[in-house]
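need coordinates for the below:
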Amino acid sequence: MDRPPSVDALARSMADTGLPHPVLVDAARAAIAAGEPGRARAHADAFRRRLLQRVVNGTGVLLHTNLGRAPLAVDQPAAYRNVELDLDTGRRGSRSASAGALVARACGAEAGLVVGNGAAAVLLVLAALARGREVVVSRGELVEIGGGFRIPDVMAESGARLREVGTTNRTRLADYRQAVGDPTGDAALVLKVHRSNYRIEGFTEDVAVAALAALGVPVVADLGSGLIDAACPWLADGPPSWLAGEPAARQTLAAGAAVVTFSGDKLLGGPQAGVICGRADLVSACARHPLARALRPGALVLNALQEVALSYLDRTAEALPFWRMATAPAEGLRSRAEAIAAACGPGADVVATASLTGGGTLPGVEIASFGVAVPGDHLGALRAADPPVIARVVDGRTVVDLRTVEPDDDGVVAAALAAVSVA
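Okay, the predicted model is just below:
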């Protein structure tokens, strides 16, 4: 019976992979244990493919959660940052003085605070402002976001008590008024949750923030998607038609909301973060709560979000990758598709497609686009390309939607599609 090879020798034979030796040792051991030492390199390759790496998004979904939502270029040299240092006094400062304050200024709020993600923002607001008390929410807004996280569950963890009002499809102002004025209750907040990942149509009724703000308790609006200003002053042509009806932070605050919460990596086009903006006293209460330390982001996120906020304030946010891709003219995408299809040879066709914002935003809204299609399902082969190209299959053809592909990657897409079309 042949003796198995030395684990160390097998690992050293794969040094050309560039993976750390301990990782190669694990791959060698796994292959030997399976009785297949010849597959050690395959185990190493499988490990590499599980690592984070650049991919080309050809799905047409702009805020693809599995691909990190909004793409963002961050150039940050290795250096210390005055994250919590007041440069004027030399004393400890506040993490909210930079990114949080700038985002607040961009949406017309008195103050702002940044946490890890959108769910963290809602959790902190509820814990800081309503622990042990009731929070009034329409039954039609008890949403579930990706990963199975639900508003009632987040509220339970915050220590606040849920007070449901209305029905799934119709909630009236009188429903809120009755709950807020109930002498047996103890309403601390009205929470209005934007149904950003689904729609209710037909026999429906909703209550606007302005009407809720007159009830006498603070209104917290969880906007989710993170549109700063419905007027989109950073876009030369104003708001695109596909944004119609999307609630924005500036207008929601102007309508009377005391606090708004939203994500940083959706329509804001920034890094993963949760933003809390609104009345200074309420935001300060959130910042003082013990959970704020557990949920706070680090210097990398704060610096990236600061740059994004500055771009909104100086009206250059149109250059953010999300907005640049989302507003790219369809005819320009068609021209790129024609060039790629020609480079791929016979079998590749230019196709009209419909892109989506994704990331739990603007459900059912489509943006006209163009892409390249080749016959058959080649998703696996495209994922094996270097860099991986992520596409979709439509009507038996593999389609790469160019709205989510950077022009510099057109050559990558052409080479990958050409390889599968002749395979």
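
and the strands in the chain, which stretches?
56-57, 111-115, 134-138, 161-165, 187-193, 219-224, 259-263, 274-278, 349-355, 367-375, 389-390, 392-394, 397-401 (DSSP state E).

could I get those strands in a markdown table, plus columns for mean neighbour count?
All C-beta spots, glycine's among them, are computed from the backbone N, C-alpha and C. Output for the strands of the chain, formatted as a markdown table (neighbours: other Cβ atoms under 10 Å):
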| stretch | mean neighbour count |
| --- | --- |
| strand 56-57 | 23 |
| strand 111-115 | 28 |
| strand 134-138 | 25 |
| strand 161-165 | 18 |
| strand 187-193 | 24 |
| strand 219-224 | 26 |
| strand 259-263 | 30 |
| strand 274-278 | 29 |
| strand 349-355 | 19 |
| strand 367-375 | 23 |
| strand 389-390 | 24 |
| strand 392-394 | 15 |
| strand 397-401 | 24 |
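
got the contact list for residue 169?
For residue 169, the contacting residues are 140, 200, 202-205, by Cβ atoms under 8 Å, 6 or more residues apart in numbering.

same question for residue 304.
With Cβ under 8 Å, 6+ apart, residue 304 has these contacts: 72, 74, 76, 270-271.

distance to residue 242 and mean pLDDT added to the strands of the chain, as JSON lines?
Shown next, in JSON lines, are these (distance: least, Cβ to Cβ, whole Å; pLDDT from 0 to 100):
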{"stretch": "strand 56-57", "distance to residue 242": "18", "mean pLDDT": "98"}
{"stretch": "strand 111-115", "distance to residue 242": "27", "mean pLDDT": "98"}
{"stretch": "strand 134-138", "distance to residue 242": "26", "mean pLDDT": "96"}
{"stretch": "strand 161-165", "distance to residue 242": "31", "mean pLDDT": "94"}
{"stretch": "strand 187-193", "distance to residue 242": "22", "mean pLDDT": "95"}
{"stretch": "strand 219-224", "distance to residue 242": "17", "mean pLDDT": "94"}
{"stretch": "strand 259-263", "distance to residue 242": "18", "mean pLDDT": "97"}
{"stretch": "strand 274-278", "distance to residue 242": "23", "mean pLDDT": "98"}
{"stretch": "strand 349-355", "distance to residue 242": "9", "mean pLDDT": "97"}
{"stretch": "strand 367-375", "distance to residue 242": "5", "mean pLDDT": "97"}
{"stretch": "strand 389-390", "distance to residue 242": "22", "mean pLDDT": "98"}
{"stretch": "strand 392-394", "distance to residue 242": "20", "mean pLDDT": "97"}
{"stretch": "strand 397-401", "distance to residue 242": "15", "mean pLDDT": "97"}
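
make CSV from these and add distance to residue 175 to it.
As requested, these are exported to CSV (distance: least, Cβ to Cβ, whole Å):
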stretch, distance to residue 175
strand 56-57, 42
strand 111-115, 30
strand 134-138, 8
strand 161-165, 4
strand 187-193, 11
strand 219-224, 15
strand 259-263, 21
strand 274-278, 24
strand 349-355, 37
strand 367-375, 36
strand 389-390, 44
strand 392-394, 42
strand 397-401, 43
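
of all the ones you listed, which one is nearest residue 37?
Of all the strands of the chain, strand 389-390 sits nearest to residue 37, with 32.3 Å by Cβ to Cβ.

and the closest one, how far out from the chain middle?
In terms of Cα atoms, centre = their mean, to the nearest Å, the gap separating the centre of strand 389-390 from the centre of its chain is 19 Å.

which one, of the strands of the chain, ends up nearest to residue 298?
strand 111-115 (10.5 Å).

centre of the chain versus the closest one, how much separation?
Counting by Cα atoms, centre = their mean, strand 111-115 comes out at 17 Å from the chain centroid.
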